[in-house]
Every structure is written in C-alpha cells, then in structure tokens.
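> Take a look and give me a structure for this.
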Amino acid sequence: MATGITATQQVTYTIAPKDSKGRPAELDGVPVWAVSDETVLAIEPAADGLSAVVKAQAPGSARVSVTGDADMGAGIEPIIGTDDITVRPGKAVVLELVAGAPEEQT
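Take a look at the predicted model:
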C-alpha cells in the first residue's frame with residue numbers, strides 16, 4: 001500500500017488484527033509504531049497502540065510501520081504492518097520576490 005499527502009496534512013492509521021480466516025483477533029501487549037525518517041514524518045501513537053496519527057514534516061518519502069505480538073503466551077511472535085508515504089509540497093500561499101545582487105548596466 002502507498003499513501004500520498006501534502007506537507008500540511010496528516011493521516012490517522014488504525015489496525016484491526018485478523019486471524020487466518022479473516023475474523024477479529026487479539027495481540028499480546030501494545031503495538032509499537034515507527035517511521036523510517038523523522039525528518040519527513042512524525043508519529044503520535046494512541047495509548048492502546050491500536051491507532052496512530054502520522055503528520056507530514058517535510059517533502060520526501062518514508063515508511064510507517066507497526067509491530068505487534070501475535071503470540072498470546074510467554075513467547076513473542078512479531079507481526080508487522082507497513083505503508084509507504086510520499087509527502088508532496090503544499091500549495092503556494094505566498095509568492096516571495098527575491099532580488100539578485102545589484103550590478104552595473106551593460
């Protein structure tokens with residue numbers, strides 16, 4: 001999956017664990033969220049780890065990932081979900097005029 005947003009947007013992700021037959025399933029503990037490049041994206045996970053708000057920081061590309069524990073016992077069986085996000089520049093709202101250095105006329 002891939003998502004595109006502008007530099008002024010955010011997106012909320014939620015997870016819905018499913019078993020092999022597509023039915024709701026549980027995870028052991030709180031899922032852990034991460035982004036591959038914090039200069040492009042910031043992430044704010046919910047306390048229960050079942051959702052997170054991802055906010056654009058700057059244009060570029062980064063991956064959002066969430067890791068949960070599928071083993072409901074003492075062991076750990078990682079299960080991972082990912083999405084690639086491309087952050088595009090926002091629309092122009094100001095047109096700044098930048099003067100070059102003064103020089104003699106030719």
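
> I figured Val66 was touching Ala16, is that so?
No - using Cβ atoms under 8 Å, Val66 is not in contact with Ala16; the gap is 11.4 Å. In this view, the C-beta of every residue, glycine as well, is placed from N, C-alpha and C.

> Point out where the protein drops to low pLDDT.
Within the chain, the set of residues satisfying pLDDT under 70 comprises 1.

> residue boundaries of the helices in it?
In the chain, no helices are defined using DSSP state H.

> Now do the strands in it.
2-6, 10-14, 32-35, 41-45, 51-56, 60-69, 78-88 (DSSP state E).

> Look at Val66 and Ala16 and report which has more neighbours.
Val66 (23 against 8; other Cβ atoms under 10 Å).

> contacting residues around that one?
Residues in contact with Val66 (Cβ atoms under 8 Å, 6 or more residues apart in numbering) are 13, 15, 31-34, 49, 52, 80-82.

> could you redo the last one with a cut-off of 7 Å?
Val66 makes contact with 15, 31-33, 81, according to Cβ atoms under 7 Å, 6 or more residues apart in numbering.

> Check Thr12 too.
51, 53.

> Using JSON lines, lay out the contacts of Val66 together with neighbour count and distance to Gly4.
As requested, these are exported to JSON lines (neighbours: other Cβ atoms under 10 Å; distance: Cβ to Cβ, whole Å):
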{"residue": "Ile15", "neighbour count": "16", "distance to Gly4": "21"}
{"residue": "Pro31", "neighbour count": "23", "distance to Gly4": "24"}
{"residue": "Val32", "neighbour count": "14", "distance to Gly4": "25"}
{"residue": "Trp33", "neighbour count": "21", "distance to Gly4": "20"}
{"residue": "Gly81", "neighbour count": "16", "distance to Gly4": "18"}
